[in-house]
Each structure stands twice: as structure tokens, then as C-alpha cells.
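Colleague: below are the sequence and a predicted model for it; my questions follow.
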Amino acid sequence: MHQAQLIVALTAAVLSLPTGGAEPSEEYGGKESFTAVAIANNNLGSGADTVLIDVTRWSSEAERSRSVGLLLEKGQEALLDALQDNPPAGSIRTPTSLAYDLRYAQQTPAEDGGREILLLTDRPIGFWEARERPRSFEYPFTVIQMRFDGDGRGTGTISYATRIAATGNIIVLEHFASSPVQLTEIQVRKRPDLLPAGR
């Protein structure tokens, strides 16, 4: 099976997305909702659907540093355990499904005036998969990446079954599917109901 790999420099000091030297921002953009059309064409399925993503908090610098440290020192199982202990950072769902908690949310300003967003969570593991432990069991993460240019136009991907590993000074994301789900027509909406008092 062909598996796409995304290799990212750890020296950029983020869990995944390259930053061009910019530091992640917890406040950049505030609490937001995203609506996108998700288009899948891989070995996990095909078709298009609407995806609704809410970010209710951005992960702190301490969470980011701890996540990278755990991955480097103890591997993806330790990172997975830590993520599952994190308070929710938001949720993802379709219009007809229940929401699933996101456990990590990071955004970074880009040099062109846009921004890069990384969302990370453990993926749902069904009873059969937990019992039989097929090869997909080794890919326990869902990784969402979105990139907005200076005019606010956004594109992105959802990698539903992903394995995260550290190799030397780089982080490698290996996707169980042959290609990630593509996110198009991303729309952003501020969430005043989720902003702290006084903002």
C-alpha cells in the first residue's frame, strides 16, 4: 500500500506545520468555527460531505512543548495518552453526526499575512478494531491541517488514520490512507458566544 508521508522540521518548534520561524499564537483569530467541503478518494472511502469544525480554545505553549517532548522521548503511545487527558480544544462533525472532541489546536501566522492551523485528536476506535488489532490500529490519530492566505482563502486536509513518529530531529506523519481527505471551500466564522468575557 502506498502511504503518503509528511516530514516536518522539529527545529520549527511546532508539532507539525512548518512556520517559517513564527511562533504559534493562542489568541490569533480568537475562537472560531470552520465549515468546509471534505472530498475523499482513498482506500478508506470516497465521496464528499460538509464538515463542521469548532475551536473553543487554542493549546498553550506548555501543551505544545510537552507534546513534542513526549513524542521524542517516549513515542506516539505516550503522545496519544497525553492528548486523551487534555481538555477538549473543540470538536469536529458533519451535519448529521455527533461531534467528536479535538484535543489539540494550534495556529501560526504565516509570512504572507495568512495563517496555518493544526488540529489533532485521537481517532475513534471501534470494538472490533480494538479486539482484532488490525494494521489500522497502529494509526490512532486524526490530523487536520488548514492553510489560509492573506485574503482569508483556505484549503486543507484531514488525515483520519495517522501514525506519528520522531526520526532524528524531524517528525514524520504516516497516513494509513493512500491520500488525505481534501478540504475545500473553507468558510470561517467568529464565535462571540465562545469568547471570554470582555472581548
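Modeller: Done, it's in.
Colleague: contacts, neighbours, all on C-alpha from now
Modeller: Noted.
Colleague: which stretches in this structure count as helices?
Modeller: 61-74, 76-85, 127-132 (DSSP state H).
Colleague: helices and strands around the second one, which ones?
Modeller: When contacts are defined as 3 or more C-alpha pairs under 8 Å, 6 or more residues apart in numbering; DSSP states H and E, helix 76-85 sits against helix 61-74, strand 115-122, strand 154-167.
Colleague: what mean pLDDT does that helix have?
Modeller: Helix 76-85 shows a mean pLDDT of 89.
Colleague: so what touches that helix?
Modeller: 67, 70-71, 103-104, 121-122, 140-141, 163-165 (C-alpha atoms under 8 Å, 6 or more residues apart in numbering).
Colleague: again, only this time at 6 Å
Modeller: 70-71, 103, 164 (C-alpha atoms under 6 Å, 6 or more residues apart in numbering).
Colleague: that one: which residues count as buried?
Modeller: Applying a neighbour-count criterion of 16 or more other C-alpha atoms under 10 Å, one finds 76-77, 79-80, 83 buried in helix 76-85.
Colleague: grab the CA positions of it and hand them over as PDB.
Modeller: Extracted in PDB, the C-alpha atoms of helix 76-85 (Å, rounded to 0.1, in the frame of the first residue of the first chain):
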ATOM      1  CA  GLN A  76       3.300   8.100  19.800                       C
ATOM      2  CA  GLU A  77       1.700   6.000  22.500                       C
ATOM      3  CA  ALA A  78       2.800   8.500  25.200                       C
ATOM      4  CA  LEU A  79       1.600  11.300  23.000                       C
ATOM      5  CA  LEU A  80      -1.800   9.600  22.500                       C
ATOM      6  CA  ASP A  81      -2.200   9.100  26.200                       C
ATOM      7  CA  ALA A  82      -1.400  12.800  26.900                       C
ATOM      8  CA  LEU A  83      -3.800  14.000  24.200                       C
ATOM      9  CA  GLN A  84      -6.600  11.900  25.700                       C
ATOM     10  CA  ASP A  85      -6.000  13.600  29.000                       C
END
